[in-house]
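**Student:** No sequence on hand, only this structure:
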């Protein structure tokens, strides 16, 4: 449960930074990619337990 | 010929343990998620192919950000629901899956508001509107099916039949799907709302 909360906090921070960068900067395609990928990886690793595919347990 | 004379034995070697079945279920779900990812990737790439990083000025970025936060929050509750189910906490499962459904519905209300603004400022007849409504519509459909699946798991499993370390696969499956919907949005949000700046 603590991990879930920590991941959620990280996701909100990344999402907020992404939003602030977008409304303050101009062309931000690279920034968007750099900020979206960690969010997706956090969700896939901690929430979706992608490591189970390699035989890891829940 | 020799095979014709062989007695039919129960397929003991084909019977799988619960752990093997669970591994197969998970692999199947991940393959499904992978195939869905290609679908979203195709539509997202269409946005950049057709429009580059062009974004209309009337786009409500704040609303997009707000529903992003709602969806990310729903993923936290989905994670808690799965954890509660895995550890035998029926009340925790019911409470958290209900919160996930509520936030999913709230997200859909946000999508309706988006669509109302979109129809006014960039209708589907425009290039951006075409991409916007296709991508948002595709994602909203996945959110809708996710809410239906969550509600089904809640309704069938409210008595606790999906609670416990050996019984929570239905919860895990639908929650993984919900997280996938969240991952898709993580890419759709900047693609439609943020790329190109304010």
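**Tutor:** Yes, it's here. As the structure is a prediction and not an experimental result, all values here were calculated from the model. Numbers count the residues shown, from 1 in each chain, chains lettered A, B, ... in the order given.
**Student:** Figure out the helix or strand that residue B:139 lives in.
**Tutor:** Using DSSP states H and E, residue B:139 maps to helix B:127-157.
**Student:** should've said residue B:123
**Tutor:** Using DSSP H and E, no helix or strand contains residue B:123.
**Student:** do residue B:125 as well
**Tutor:** Going by DSSP H and E, residue B:125 is not part of any helix or strand.
**Student:** Let me see the contact set for residue B:189.
**Tutor:** When contacts are counted by C-beta atoms under 8 Å, 6 or more residues apart in numbering or on different chains, residue B:189 touches A:15, A:18, A:36, B:64, B:65, B:68. (C-beta placed from N, C-alpha, C; glycine too.)
**Student:** repeat that with 10 Å
**Tutor:** Contact analysis of residue B:189 by C-beta atoms under 10 Å, 6 or more residues apart in numbering or on different chains lists A:15, A:18-19, A:22, A:32, A:36, A:39, B:61, B:64-65, B:67-68, B:71-72, B:139, B:195.
**Student:** Report pLDDT for it.
**Tutor:** Looking at residue B:189, its pLDDT reads 93.
**Student:** top helix in chain B by residue count?
**Tutor:** The longest helix of chain B (DSSP state H) is helix B:18-51.
**Student:** least confident pick among the contacts of residue B:189?
**Tutor:** Ranking the contacts of residue B:189 by pLDDT puts residue A:32 at the bottom, with 76.
**Student:** Pretty sure residue B:117 sits against residue B:129.
**Tutor:** No - contact status for residue B:117 versus residue B:129: not in contact, 11.1 Å apart, counting by C-beta atoms under 10 Å.
**Student:** out of those two, which sits in the busier spot?
**Tutor:** Neighbours per residue (other C-beta atoms under 10 Å in any protein chain shown) separate residue B:117 from residue B:129, with residue B:129 holding more: 16 against 13.
**Student:** Can you tell me the element the residue nearest in space to the middle of chain A falls in?
**Tutor:** For chain A, the residue sitting closest to the mean C-alpha position, by C-alpha atoms, centre = their mean, is residue A:39 at 1.2 Å. According to DSSP H and E, residue A:39 maps onto helix A:29-42.
**Student:** Where in chain A is the helix or strand with the lowest mean pLDDT?
**Tutor:** Of all the helices and strands that make up chain A, helix A:29-42 has the lowest average by mean pLDDT, DSSP states H and E, namely a mean of 85.
**Student:** tell me the angle of the longest helix of chain B relative to helix B:127-157?
**Tutor:** Orientation note: helix B:18-51 sits at an angle of 160 degrees relative to helix B:127-157 (axes from the mean of the first three to the mean of the last three C-alpha atoms, to 10 degrees).
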